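In: generate a structure from the sequence data that follows.
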Amino acid sequence: MRLTFLMPVFNERATVEEILRIVEASGLADRIIVVDDASTDGTRELLQEMASHNPRMELHLHDRNQGKGAALRTGFAKVETELVLVQDADLEYDPRDVPSLLLPIEEGKADVVFGSRFLGAPRRPTMFWHMVANKLLTLMTNVLYNTILTDMETGYKLFRREVIQSIVIRSNRFDFEPEITAKLLKKKVRIFEVPITFNPREYSEGKKIGLADAFAAVWALLKFRFVD
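Out: Numbers count the residues shown, from 1 in each chain. Below is the predicted model:
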């Protein structure tokens with residue numbers, strides 16, 4: 001099955017060139033869709049230069065910053081391959097784990113695969129309270145939706161194209177993760193989790209998600225449990 005890497009990008013001048021090089025080197029990308037969410041640090045110009053030399057890379061530009069969810073909504077609408085993987089541009093997720101994500105779909109066990117940071121794979125030990133927030137949000141997901149996920153907030157999610165394109169995404173920011181998880185669970189879509197390596201960056205290194213996004217995730221989990 002053919003695979004698209006979908007990369008939402010905002011002000012990632014320091015890492016985007018490296019992650020795109022790694023994705024290319026993996027040999028797994030039939031298509032790379034990059035959505036620049038109105039970067040102002042030179043990322044946009046770098047991406048335009050890279051796209052001009054890479055026939056597999058498709059670049060879309062937002063005129064104003066809207067958030068990760070909005071960038072993904074733009075990208076998902078452009079996917080034509082059978083599978084699409086969300087690949088962040090910050091080097092936290094390693095494309096060398098992608099074959100493990102592909103396996104449950106290739107074996108007919110799943111329609112969506114979550115790469116879990118909490119299933120025992122190697123990871124950089126840092127940001128304790130961020131981990132606590134992730135686990136509390138996952139627990140809330142499990143209680144509300146009667147499931148046993150270990151990492152609802154993971155940014156490494158692989159979808160069959162027809163699944164993701166059948167879902168209306170309303171969230172514009174990081175609340176995309178609870179929204180899509182809620183809607184997949186309500187639709188009884190087959191989700192599989194596999195362990196992935198994780199190299200989280202600190203806020204001093206450019207990490208963007210914060211406390212306000214945790215409260216937004218709580219609201220999204222509650223809202224989408226009962227509406228939409």
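
In: please make it C-alpha for all contacts and neighbour counts, starting now.
Out: Noted.

In: how about the helix or strand bottoming out on mean pLDDT in the chain: buried residues?
Out: Using mean pLDDT, DSSP states H and E, helix 211-226 stands out as the lowest-scoring helix or strand of the chain, at a mean of 86. Within helix 211-226, the residues scored as buried using 16 or more other C-alpha atoms under 10 Å are 214, 216-218, 220-222, 224-225.

In: pull out the buried positions in the one helix or strand Met50 maps to.
Out: Assigning secondary structure by DSSP states H and E places Met50 in helix 43-51. Buried residues in helix 43-51, counted by 16+ other C-alpha under 10 Å: 43-44, 47-48, 51.

In: make CSV from those and add pLDDT to it.
Out: Output for these, formatted as CSV (pLDDT from 0 to 100):
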residue, pLDDT
Thr43, 97
Arg44, 96
Leu47, 98
Gln48, 97
Ala51, 96
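
In: nearest to Asp63, of these?
Out: Using C-alpha to C-alpha, Arg44 is the member of the buried residues of helix 43-51 that sits closest to Asp63, with 11.0 Å.

In: surely the closest one and Asp36 touch.
Out: Yes - the pair Arg44 / Asp36 is scored as a contact, 6.5 Å apart, by C-alpha atoms under 8 Å.

In: can you list residues touching both of these two?
Out: Leu61 (C-alpha atoms under 8 Å, 6 or more residues apart in numbering).

In: what helix or strand is Leu102 on?
Out: helix 98-106.

In: got the angle for the helix or strand just after that helix vs helix 98-106?
Out: Tracing the chain past helix 98-106, the next element assigned as helix or strand by DSSP H and E is strand 112-116. Orientation of strand 112-116 against helix 98-106 (axes from the mean of the first three to the mean of the last three C-alpha atoms, to 10 degrees) gives an angle of 150 degrees.

In: which strands and helices sit next to the helix holding Leu102?
Out: The elements that helix 98-106 packs onto, with contact taken as 3 or more C-alpha pairs under 8 Å, 6 or more residues apart in numbering; DSSP states H and E, are strand 112-116, strand 191-195.

In: and the first one, what does it pack against?
Out: Yep, that's strand 112-116 we're talking about. Using 3+ C-alpha pairs under 8 Å, 6+ apart, the elements in contact with strand 112-116 are helix 98-106, strand 157-160, strand 191-195.

In: point out the most buried one among those.
Out: Stretch with highest mean neighbour count among those: strand 157-160 (a mean of 23; mean count of other C-alpha atoms under 10 Å).

In: list the pairing partners of that strand within its sheet, with orientation.
Out: Here strand 157-160 is paired, per DSSP bridges, with strand 83-86 (antiparallel), strand 112-116 (antiparallel).

In: ok now the helix ranked longest in the chain, how far from the chain's centre?
Out: In terms of residue count, the longest helix belonging to the chain (DSSP state H) is helix 128-145. Distance of helix 128-145 from the chain centroid (C-alpha atoms, centre = their mean, to the nearest Å) equals 17 Å.

In: in that helix, what counts as buried?
Out: Residues of helix 128-145 classed as buried under the neighbour-count rule (16+ other C-alpha under 10 Å) are 134-135, 137-142, 145.
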